[in-house]
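Participant: Prediction below, plus the sequence it came from.
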Amino acid sequence: MLNRGGAMIFISSFVGTSAGIPGMAAYGASKAALMGLVKGIAADYTAQGVRANALLPGGTDTEAMGDQSVKDWAAGLHVMKRMAATPP
C-alpha cells in the first residue's frame, strides 16, 4: 500500500467522539482510541497516497438498549433525533 497508495476504512462509533455515555466507558475508550489511530495513519501516510477514514454510524434501536427512556435519550444524541431500526 505504501508503494501504490490506497484507502483504509475503519468502522467506529459516535460514542468515541461524544460525551461520556453511562455504562459504556470501555466501549467509548476503544472507539476514541480507534479515532486517534485513524487520524495518526492519515497524518503519517498521506504523502505516500494512503487515505484513512472512519465511518461512524449512529445508534441502532435494539432490545439491548433497555427501556424506552434510554432509547429516547440515545436518540436525542443524534442530529435527526432518531436511531436506525432493526429489521422485524
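Facilitator: Sure, I can see it.
Participant: Please name the residues that touch residue 32.
Facilitator: 16-17 (C-beta atoms under 8 Å, 6 or more residues apart in numbering). C-betas here are computed from N, CA, C, even on glycine.
Participant: In which helix or strand does it reside?
Facilitator: Taking DSSP states H and E as the definition, residue 32 sits inside helix 25-45.
Participant: From residue 59, how far out is residue 22?
Facilitator: 14 Å (C-beta to C-beta, to the nearest Å).
Participant: returning to that earlier point: next, the buried residues of the helix holding residue 32.
Facilitator: Neighbour counts over helix 25-45 (16 or more other C-beta atoms under 10 Å) mark 28, 31-32, 34-35, 38, 41, 45 as buried.
Participant: quick one: average confidence on it?
Facilitator: Within the predicted structure, the mean pLDDT of helix 25-45 is 94.
Participant: Check which residues of the helix or strand following that helix are buried.
Facilitator: Using DSSP H and E, the next helix or strand after helix 25-45 towards the C-terminus is strand 50-55. Under the neighbour-count criterion of 16+ other C-beta under 10 Å, strand 50-55 has 50, 52, 54 buried.
Participant: what's the distance between the second one and residue 34?
Facilitator: Residue 52 sits 11 Å away from residue 34, taking C-beta to C-beta as the criterion.
Participant: So for the two, which residues contact both of them?
Facilitator: What both residue 52 and residue 34 touch, as defined by C-beta under 8 Å, 6+ apart, is the set residue 10.
Participant: How is residue 9 assigned, secondary-structure-wise?
Facilitator: Following DSSP: H, G, I helix; E, B strand; the rest coil, the label given to residue 9 is strand.
Participant: Find me the pLDDT at the nearest residue to it once chain neighbours are set aside, would you?
Facilitator: Ranked by C-beta to C-beta, 6 or more residues apart in numbering and with sequence neighbours excluded, the top spatial neighbour of residue 9 is residue 53, at 5.6 Å. At residue 53, the pLDDT value in this model is 97.
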